[in-house]
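> Below are the sequence and a predicted model; questions follow.
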Amino acid sequence: MMVLSKEMGEVKLFRTWSSPYALRIVWALKLKGVEYETVYEDLANKSSLLFEYNPAYKKVPVLLHNGTPICESLAKFNDDQVAPSVFRAYASQGVEQEEAIGPALENLDVVEKQLTGKKFFNGESFGFLDLVFGWIAKYLGIFEETGGIKLFEEDRFPLIMAWKDKFSDIPVIKENWPDQNKLITKFQLMCEYFVSNDACCR
């Protein structure tokens, strides 16, 4: 894992304004006091620099240190299981959604267990895993509001609910969330696209 420090030289972050994956990098950089330049990408019209620095996946976020892209494996369970299963449940409808909700809830059950006896994933204070799972604190609510799906049951996930409030109260986290109304509009439009293309979402 990359160790962040104030004396890192030139740091650039290629991201979109709404990406939850980019948010954890923003939080980490700000918590460590690392100065960096943000380069916002339009995913409908990707820049040549994005293709240059991430030729394999052509995706954001990309963190650049002194001209060299930094590639890391960040909490694969979140990236490979939790986030995709939640979005699959959000972006489906009918029978497909019913089938997708089960795996999403099971993955959230695993996340819930990681918080047993702890305020944060790291223990009494927040750490790396809190940044990785930080998207849950905002985006699950957005998914529920715009997609008509209910995943956040307090009886089932009391530890996540308590953690969500503590995590969201951290100044660096609170100050760097994307605008709530813009997020709602973005995901409402996404839902409308899914419906109009008979793809997903209700």
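Done, it's in. Numbers count the residues shown, from 1 in each chain.

> Please look at E10 and N66 and confirm they touch.
Yes. Distance between E10 and N66: 5.3 Å, which falls inside the contact criterion (Cβ atoms under 8 Å). No exception for glycine: its C-beta is placed from N, CA and C like everyone else's.

> neighbouring contacts of the longest helix along the chain?
What stands out as the longest helix in the chain, according to DSSP state H, is helix 94-113. Contact partners of helix 94-113, identified using Cβ atoms under 8 Å, 6 or more residues apart in numbering, comprise 77, 81-82, 85-86, 88-89, 92, 133, 136, 149, 151, 156-157, 159-160, 200, 202.

> does P69 sit in a helix or strand, and which one?
With secondary structure defined by DSSP states H and E, P69 is part of strand 68-70.

> Pull the distance from the next helix or strand after that strand to the chain's centre.
Following the chain from strand 68-70 toward its C-terminal end, the next helix or strand by DSSP H and E is helix 76-77. Taking Cα atoms, centre = their mean, to the nearest Å, one finds the center of helix 76-77 at 13 Å from the center of the full chain.

> what's helix 76-77 in contact with?
Contacts to helix 76-77, defined as Cβ under 8 Å, 6+ apart, come from residues 107, 110.

> avg pLDDT for the strand holding P69?
The pLDDT scores in strand 68-70 average 79.
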